[in-house]
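**Student:** Fold the following.
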Amino acid sequence: MNTKLTTTTTTTNRRDVLSKFATGALFGVTAAVLPATAIDDCPKGSKNCVRATWTPPSGTSKSDAVAALRDAINAYPQAGQDNVDGGGWVVTGDDLDGSGVASVEYKSSGKGNFAKFFNGGKPFTDDLKLEVSANGVVEVRSSSRVGESDFGVNAKRVGYLANSLAAKGWGV
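**Tutor:** Predicted structure coming up:
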């Protein structure tokens with residue numbers, strides 16, 4: 001199933017929340033709720049998680065950054081690339097136009113020995129999380145759901161997407 005990213009609208013971003021927090025702190029209000037969508041760092045020493053920041057060319061609007069990001073994701077081969085993600089991918093959440101958050105689920109083919117011996121022949125599943133700020137900068141996290149090592153799978157996936165954006169002048 002080749003799922004394309006679609007457009008929905010919500011209005012909240014990290015900058016707005018932090019601004020409200022700073023204003024509250026200035027006036028003596030100490031409680032603030034940070035957005036649940038903020039992308040976590042990878043655990044220290046993790047071998048199955050990749051974290052990156054991608055910067056669009058100067059002057060790029062958030063909507064243009066979102067469009068370029070969607071193009072890169074939708075161009076990712078459903079059959080995988082470089083011996084990874086042979087089980088395809090599906091968009092599990094898309095609010096890039098609103099909160100700036102999207103998530104994509106990638107699956108291995110389930111054919112390799114590790115899948116056969118360690119995962120009952122089922123594909124391994126990885127999660128890609130993306131968050132686009134108001135200035136178009138994209139925070140990225142790709143991680144495996146199970147295991148201590150992914151043998152470079154997440155790095156290959158993030159690298160593929162980054163190269164697509166770098167070809168359009170992005171800093172990756």
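
**Student:** what about residue 111, how many neighbours?
**Tutor:** 11 (other Cβ atoms under 10 Å). From N, CA and C alone the C-beta is placed, and that goes for glycine too.

**Student:** Contacts only, for the closest residue to it other than its chain neighbours.
**Tutor:** Leaving aside its chain neighbours, residue 111 sits nearest to residue 86 (7.1 Å; criterion: Cβ to Cβ, 6 or more residues apart in numbering). Residue 86 makes contact with 79-80, 107-109, 111 under the criterion Cβ atoms under 8 Å, 6 or more residues apart in numbering.

**Student:** Look at residue 86 and report its pLDDT.
**Tutor:** Turning to residue 86, the model gives it a pLDDT of 93.

**Student:** Can I take it that it is in a strand?
**Tutor:** No: assigned with DSSP: H, G, I helix; E, B strand; the rest coil, residue 86 falls outside any strand and is coil.

**Student:** From residue 50, how far off is it?
**Tutor:** Using Cβ to Cβ, to the nearest Å, residue 86 is found at 19 Å from residue 50.

**Student:** What subset of the contacts of residue 86 is buried?
**Tutor:** The neighbour-count test (16 or more other Cβ atoms under 10 Å) marks 80, 107-109 as buried among those.

**Student:** from the contacts of residue 86, which is closest to residue 46?
**Tutor:** residue 108 (18.2 Å; Cβ to Cβ).

**Student:** who touches the closest one in this structure?
**Tutor:** By Cβ under 8 Å, 6+ apart, residue 108 lies in contact with 84-87, 115, 123-126, 153.

**Student:** how about the CA coordinates for the helix or strand in which residue 117 is found, as PDB?
**Tutor:** Using DSSP states H and E, residue 117 sits in helix 113-118. Output in PDB follows, covering the C-alpha atoms of helix 113-118 (Å, rounded to 0.1, in the frame of the first residue of the first chain):
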ATOM      1  CA  ASN A 113      18.000 -14.500   9.300                       C
ATOM      2  CA  PHE A 114      17.600 -12.000  12.100                       C
ATOM      3  CA  ALA A 115      13.900 -11.600  11.400                       C
ATOM      4  CA  LYS A 116      13.500 -15.400  11.100                       C
ATOM      5  CA  PHE A 117      15.500 -16.300  14.300                       C
ATOM      6  CA  PHE A 118      14.800 -13.200  16.500                       C
END
